[in-house]
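Q: Dropping the sequence and predicted coords here.
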Amino acid sequence: MAERIVILTGAGLSAESGVPTFRDKDGVWAKYDYRDVATPEGFARDPALVHAFYNMRRRAHAGIQPNAAHAALARLERAYPGEVWVVTQNVDALHEAAGTKNLIHMHGELFGALCTHCGARFPWSGDMSLETRCPGCGKAGGMRPDVVWFGEMPYQMERIGELLAAADLFISIGTSGNVYPAAGFVAEARAAGAHTVELNLEPSEGRLMFAEAMHGAATVIVPAYVNRLLQWV
Ligand code: BJW
């Protein structure tokens, strides 16, 4: 039995909850240029456009519910005798809504705000604009979504490195394997001696790195894989 399971999740996990992925044909990057809306340079060039993009996404998330795959991962954490960690690239709040506790949001949170003046972070559910004042330092003009854009350092990389170094089982779910450093986690876990599994709709960019794979819809294959892990417990 694996003592520590580390699970990396991506947009495919939330797709069946109605959250668009990024690189599928109807994905976010088919409608928006990531250089305009998901880089610090884009934000410096046109902050109003970036605020409008994230205001729209925050509103679109109202009423979105976790699906059977999020629920299965929360159940795994509750029922598994070893340690289970979820490292998510997703900025939605569906893992926590399903009940997952050991969770790292490496690409930040859609419902979070960061003040570039004082560095404070806040929960944030409404719209944001250039006029928005920081609830901490009171200054306007410095508030931004607390998400990690291209060229920025993802959150908690040191902690994630420690988890991967001690992982016995690494499971990657619903991610295309296009974005680093997350795409490199499978190599880190392998180097640490972990068994590696891909659960995705289709083979990802990194498919050859995984020892095992199941391909299909997350709401089908994730509960099935979790049942397999729990059957001997
Ligand atoms: C289903 C399904 C269903 C669908 N069931 N499955 C060369 C040039 C320039 C830069 C770089 C470079 N090489 C590397 C870089 C760095 C760059 C990068 O990786 N660029 C690549 C594009 C090349 N990375 C960064 O800049 C990162 N920072 C960084 O590297 O800092 C330096 C550093 C160095 C060393 C150590 C540590 C740090 C930051 C990356 C930030 C990414 N930000 C975004 C936006 C977040 C905010 C927001 O949401 O707006 O994060 S981009 C976007 O991509 C988002 C996602 O989290 C991320 C990953 O996407 P994901 O989840 O994989 O989604 P998709 O759409 O790609 O795939 C979905 C998958 O699901 C598909 O496979 C489907 O088949 C599947 N699927 N339905 C199961 N029902």
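A: Received the coordinates, thanks.
Q: Listing partners with orientation, what would you give for the longest strand seen in the chain?
A: If each strand of the chain is counted by residues according to DSSP state E, the longest one is strand 108-115. Strand 108-115 sits in its sheet next to strand 121-123 (antiparallel), strand 143-147 (antiparallel), going by DSSP bridges.
Q: and the ligand, which of the ones you listed is closest to it?
A: Proximity to the ligand, assessed across these by C-beta to the nearest ligand atom, is greatest for strand 143-147 (3.7 Å). For every residue, glycine as well, the C-beta is placed using N, CA and C.
Q: does the ligand sit close to the closest one?
A: Yes - Strand 143-147 comes into contact with the ligand (C-beta under 6 Å from any ligand atom), by way of Val147.
Q: what are the phi and psi values for Leu103?
A: Taking degrees, to the nearest 10, you get phi -130, psi 130 for the backbone angles of Leu103.
Q: Could you pull up the residues touching it?
A: Listed by C-beta atoms under 8 Å, 6 or more residues apart in numbering, the contact set of Leu103 reads Trp85, Val86, Val87, Thr88, His95, Glu96.
Q: I would like the residues contacting the helix or strand containing Val220, please.
A: Secondary structure assignment for Val220, by DSSP states H and E: helix 218-230. Outside helix 218-230, the residues within contact range by C-beta under 8 Å, 6+ apart are 5, 12-13, 15-16, 67-69, 71-73, 75-76, 79-80, 171, 173-174, 197, 199, 201, 214-215.
Q: Break this protein down into its domains, please.
A: Domain ranges of the chain: 1-18+66-107+154-233, 20-63+109-147, per automatic domain parsing.
Q: Show the end-to-end separation of the first one, please.
A: So the one you mean is domain 1-18+66-107+154-233. Criterion C-alpha to C-alpha, to the nearest Å; first-to-last residue distance in domain 1-18+66-107+154-233 is 9 Å.
Q: Report the distance from it to the chain centre.
A: Using C-alpha atoms, centre = their mean, to the nearest Å, the distance from the centre of domain 1-18+66-107+154-233 to the centre of the chain it belongs to is 10 Å.
Q: Tell me which residues of the helix holding Val220 come out buried.
A: Going by neighbour count (16 or more other C-beta atoms under 10 Å), the buried part of helix 218-230 is Ala218, Thr219, Ile221, Val222, Pro223, Tyr225, Val226, Leu229.
Q: so which helix or strand takes in the closest residue to the fourth one other than its chain neighbours?
A: Nearest residue to Val222, sequence neighbours excluded (C-beta to C-beta, 6 or more residues apart in numbering): Ala69, at 3.8 Å. Following DSSP H and E, one finds Ala69 within helix 68-79.
Q: List the contacts of that helix.
A: Contacts made with helix 68-79 from outside it, assessed by C-beta under 8 Å, 6+ apart, are listed as 5, 7, 9, 13-14, 16-17, 84, 86, 94-95, 97-102, 173-174, 218-219, 222-223, 225-227, 229-230, 233.
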